[in-house]
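In: just a sequence and a predicted model for now, questions to come.
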There are 2 protein chains.
Amino acid sequence: MRVLFAGKEFRRLWDILAPAFHEYETDVAADDELPGKIRDAEVLIVRPMPVDDALLATAGKLRMIQQWGTGAEGMDLDACARRGIYACNVPSRGTGNAESVAEMAIMHMLLLGRRYSRSQEKLNEGKIFTPPGTALWKKKACVIGLGGLGHSIVERLVCLGMNVVGANRTQKEEFWDWGLTEVYPLCDLEKAVAGCRFVILALPLNRETENIIGEPFFRSMERDAFFINVARGGVVVREAFERALENGWIAGAGLDVFWKEPPDAADPLLHHPNVTVTPHVGGVTDASLTGVLNFILQNIARLGRGEKPLSCLNERQLDR
Amino acid sequence: MRVLFAGKEFRRLWDILAPAFHEYETDVAADDELPGKIRDAEVLIVRPMPVDDALLATAGKLRMIQQWGTGAEGMDLDACARRGIYACNVPSRGTGNAESVAEMAIMHMLLLGRRYSRSQEKLNEGKIFTPPGTALWKKKACVIGLGGLGHSIVERLVCLGMNVVGANRTQKEEFWDWGLTEVYPLCDLEKAVAGCRFVILALPLNRETENIIGEPFFRSMERDAFFINVARGGVVVREAFERALENGWIAGAGLDVFWKEPPDAADPLLHHPNVTVTPHVGGVTDASLTGVLNFILQNIARLGRGEKPLSCLNERQLDR
């Protein structure tokens, strides 16, 4: 089987990838090499990037496109299906991605609740600062978006003894097994965040969710509440977020994602006293690297055995 | 009922204490006022301090000494019993204390695993630093000390998907209900920490535990492991800990407690690149303030109704 990695970023991982894929013929294609190299590839492994019909037209032997991770927004699923190509991603939960990002959400909650930045600032000034903190235990939290990531956050916050409510586009029976006390539709976010000291955003970015978090949302949050974004910057209206901080509509925020990435290190939001920042590394862990790699290896092995690959995003279209 | 608070620190909490204790006659005694004011007190509420027979000799009406918190090392339990005085503390678990300290342990684990300090340093230099982090999920952790605090840490780490082993002086059946995979006696700490990426110290400080964590312990830890102390500085030999950092026997440490408290802000350990620091604020949260207060109010109410108070430390001696 010939496996092509699209994007020179994969070269940085080559020490790990080469031994893991030793059974296959592998190659890496930088963007300009892709149209040439894709001709012989049977499996294409991609980072977030556009995969359209024009590219597929040159890929006569391709049987599967495998996203390296969850976000497969760039793939034209119908075009893949028309050519009989499986389009797969890696599920976030169980592969270390959702679990790692959920841990990052908790880190931001703790940093904000314990006023860690201020305490470090004081330490660097030579002062011992011991502010009373806000415990997570018994507080109310709202998790917005109940997919794989939201699920991983909810189960952790419930275990930490929090009262957790959720918000999601669709309502599913299984939500009640997670320990959520209430579940709201996305049109009721203002109600969902009432009484919550922590609000965690875990929505995917798409046409429905873009800019869904605006001024009315922040105005309806409690003034002593913290807003955590481990999803995507584009779900939030930046100007509304800035106004919320300026006007004290919220107590602070923890951001793992930004409107432009990587963020500009001089961006004042990255140095705001009530904002904690990590530069989109929620999912960048040893666990998710191993988890994604193993999932992909198993998926290629399935294909090799003539089985359907897992986490296939265009199964419906292929069945037609 | 006349309730006396021993220590002027309680004056700082008076806005909260006065309304909470409005049913009782209350007073605060600074150290030098205590021998005089204790004569009329029926309940004495104390911070960590010596309570010996000489003090009790002047306390003719005293029925209960109630520790504000868990650590009642200063109380002479026998002396209290001989005079028919209940000596009580506040249990750590269920009152927000153990829960808050457990959250602090997790914060240190996350900060270390994600290299947060380095990432903040880089940010202040105007650089975006995105190191691959160490997830907690599926890693092995060892919790040393399985009392109320240890229990609260174990249940949280199990929920985070960690493989958790414990170490404790005595072995109890209930440990197996907590989700621990192995439990070691304290004489086998070197075995307990084998293969662990995180080691969390949750032992009380007493004659048996003082300096129990020394050079052989740190040498037996994994070189990529983090050591978290949310217990007491005195359980650890400082020189051995410093050598462990210097020689790379451990990858780093998170300290909420110190050998001298408050720590000296100029102490180089507080500014070590591989050490995260919080100045003994693990239990200083809104949750534990409320929890301790409510427990004490209920205990005084029990006494008033002629019932035995809860969390009585000298019950055995009183029964003789």
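Out: Now that the structure is in, tell me what you want to look at.
In: is it true that residue A:245 touches residue A:239?
Out: No - taking contacts as C-beta atoms under 8 Å, residue A:245 lies outside contact range of residue A:239: 11.0 Å. Placement of C-beta: from N, CA and C, glycine included.
In: ok, those two, which is more surrounded?
Out: Per other C-beta atoms under 10 Å in any protein chain shown, whichever of residue A:245 and residue A:239 has more neighbours is residue A:245, with 19 against 10.
In: so where do the strands sit in the stretch 151-300 of chain A?
Out: Shown for the stretch 151-300 of chain A, the strands assigned by DSSP state E, counting those that start in this stretch span residues A:163-168, A:182-185, A:198-201, A:226-229, A:252-255, A:275-277.
In: direction included, what does the third one pair against?
Out: Using DSSP bridges, the neighbouring strands of strand A:198-201 in the sheet come out as strand A:140-144 (parallel), strand A:226-229 (parallel).
In: quick one: contacts of that strand?
Out: The contact list for strand A:198-201, computed with C-beta atoms under 8 Å, 6 or more residues apart in numbering or on different chains, reads A:105, A:109, A:113, A:136, A:139-145, A:153, A:157, A:162, A:193, A:213, A:221, A:225-231, A:235-236.
In: just the buried residues of those.
Out: A:105, A:109, A:113, A:136, A:139-145, A:153, A:157, A:162, A:193, A:213, A:221, A:225-231, A:235-236 (16 or more other C-beta atoms under 10 Å in any protein chain shown).
In: can you list the residues of the stretch 1-150 of chain A near chain B?
Out: Contact residues (C-beta under 8 Å from any C-beta of the partner chain) of the stretch 1-150 of chain A with chain B: A:96, A:99-100, A:103-104, A:106-107, A:110-111, A:113-114, A:116, A:119-120, A:123-124, A:126-138.
In: tell me the mean pLDDT over stretch A:259-272?
Out: Average pLDDT, stretch A:259-272: 92.
In: then stretch A:281-290?
Out: 96.
In: over to stretch A:68-78?
Out: 89.
In: and that stretch, which residues are buried?
Out: Buried residues in stretch A:68-78, counting neighbours by 16+ other C-beta under 10 Å, are found at A:68-72, A:75-77.
In: what's the neighbour count on residue A:212?
Out: Neighbours around residue A:212, by other C-beta under 10 Å: 19.
In: which non-adjacent residue is nearest it?
Out: residue A:235 (5.9 Å; C-beta to C-beta, 6 or more residues apart in numbering or on different chains).
In: over to the spatially most central residue of chain A: give its phi and psi.
Out: In chain A, the centroid-proximal residue (C-alpha atoms, centre = their mean) is residue A:231; its distance is 5.0 Å. Phi and psi for residue A:231, reported as degrees, to the nearest 10, are phi -100, psi -90.
In: go on, residue A:107?
Out: Torsion angles, degrees, to the nearest 10, at residue A:107: phi -60, psi -50.
In: correct me if wrong: residue A:118 contacts residue A:125.
Out: No - contact criterion C-beta under 8 Å: residue A:118 and residue A:125 do not qualify, at 10.6 Å.
In: the two: which is more packed in?
Out: The neighbour comparison of residue A:118 against residue A:125 (other C-beta under 10 Å) goes to residue A:118, with 13 against 9.
In: and that one, what is it in contact with?
Out: Residue A:118 makes contact with A:129, A:131, A:273, according to C-beta under 8 Å, 6+ apart.
In: ok, now with 7 Å
Out: For residue A:118, the contacting residues are A:129, A:131, by C-beta atoms under 7 Å, 6 or more residues apart in numbering or on different chains.
In: spit out the contact partners of residue A:38.
Out: Counting by C-beta under 7 Å, 6+ apart, residue A:38 touches A:4, A:44, A:55, A:58-59.
In: go again using 6 Å as the cut-off
Out: A:58-59 (C-beta atoms under 6 Å, 6 or more residues apart in numbering or on different chains).
In: three-state assignment of it?
Out: Three-state call for residue A:38 (DSSP: H, G, I helix; E, B strand; the rest coil): helix.
In: from what I see, the residue nearest to the centre of chain A and residue A:202 are in contact.
Out: Yes - the criterion here is C-beta atoms under 6 Å, and residue A:231 meets it with residue A:202 at 5.3 Å.
In: which residues in chain A form helices?
Out: A:14-20, A:34-37, A:53-57, A:77-82, A:97-113, A:116-124, A:148-159, A:189-192, A:215-220, A:238-246, A:286-304, A:315-319 (DSSP state H).
In: from these, which stretch is densest packed?
Out: Ranked by mean neighbour count under mean count of other C-beta atoms under 10 Å in any protein chain shown, the helices of chain A are led by helix A:97-113, which reaches a mean of 27.
In: residues touching that helix, excluding its own?
Out: By C-beta under 6 Å, 6+ apart, helix A:97-113 touches A:92, A:133-134, A:148-149, A:152-153, A:156, A:198, A:200, A:226, A:228, A:230, A:252, A:254, A:256, A:276, A:282-283, A:285, A:287-288, B:107, B:110, B:135-137.
In: can you do 7 Å?
Out: So helix A:97-113 is contacted by A:69-70, A:92, A:117, A:133-136, A:148-149, A:152-153, A:156, A:198, A:200, A:226, A:228, A:230, A:252, A:254, A:256, A:276, A:278, A:282-283, A:285, A:287-288, A:291-292, B:103, B:106-107, B:110, B:114, B:135-137, B:161 (C-beta under 7 Å, 6+ apart).
In: can you give me the angle it makes with helix B:97-113?
Out: Angle of helix A:97-113 versus helix B:97-113, following axes from the mean of the first three to the mean of the last three C-alpha atoms, to 10 degrees, is 120 degrees.
In: so how far is helix A:97-113 from its chain's centroid?
Out: 12 Å (C-alpha atoms, centre = their mean, to the nearest Å).
In: endpoints of stretch A:111-126, how far apart?
Out: Counting by C-alpha to C-alpha, to the nearest Å, you get 20 Å between the two ends of stretch A:111-126.
In: for that stretch, the averaged confidence score.
Out: 93.
In: OK, contacts around residue A:243?
Out: So residue A:243 contacts residue A:215 (C-beta under 7 Å, 6+ apart).
In: stretch A:200-210: end-to-end distance?
Out: Taking C-alpha to C-alpha, the first and last residues of stretch A:200-210 lie 16 Å apart.
In: now it: buried residues?
Out: Here stretch A:200-210 shows A:200-205, A:209 as buried, counting by 16+ other C-beta under 10 Å.
In: out of these, what pair is the most spread apart?
Out: Spatially, the most separated pair among the buried residues of stretch A:200-210 is A:200 and A:205, at 15.6 Å (C-beta to C-beta).
In: contacts for stretch A:181-188 next, please.
Out: Contacts for stretch A:181-188 (C-beta under 7 Å, 6+ apart): A:163-169, A:171, A:175, A:191-192, A:212.
In: check stretch A:219-232 too.
Out: A:101, A:104-105, A:108-109, A:112, A:145, A:190, A:193, A:195-203, A:205, A:236, A:248-257, A:282.
In: ok, stretch A:76-95 next?
Out: By C-beta under 7 Å, 6+ apart, stretch A:76-95 touches A:51-53, A:56, A:62-67, A:69-70, A:72, A:75, A:98, A:148-149, A:151-152, A:288, A:291-292, A:295-296, A:299, A:309, A:311-314, A:317-318.
In: let's go with 6 Å and repeat that
Out: Contacts for stretch A:76-95 (C-beta under 6 Å, 6+ apart): A:52-53, A:56, A:62, A:64-67, A:69-70, A:72, A:75, A:98, A:148-149, A:152, A:291-292, A:295, A:309, A:311-314, A:317-318.
In: and stretch A:2-17, what's its mean pLDDT?
Out: Stretch A:2-17 comes out at a mean pLDDT of 95.
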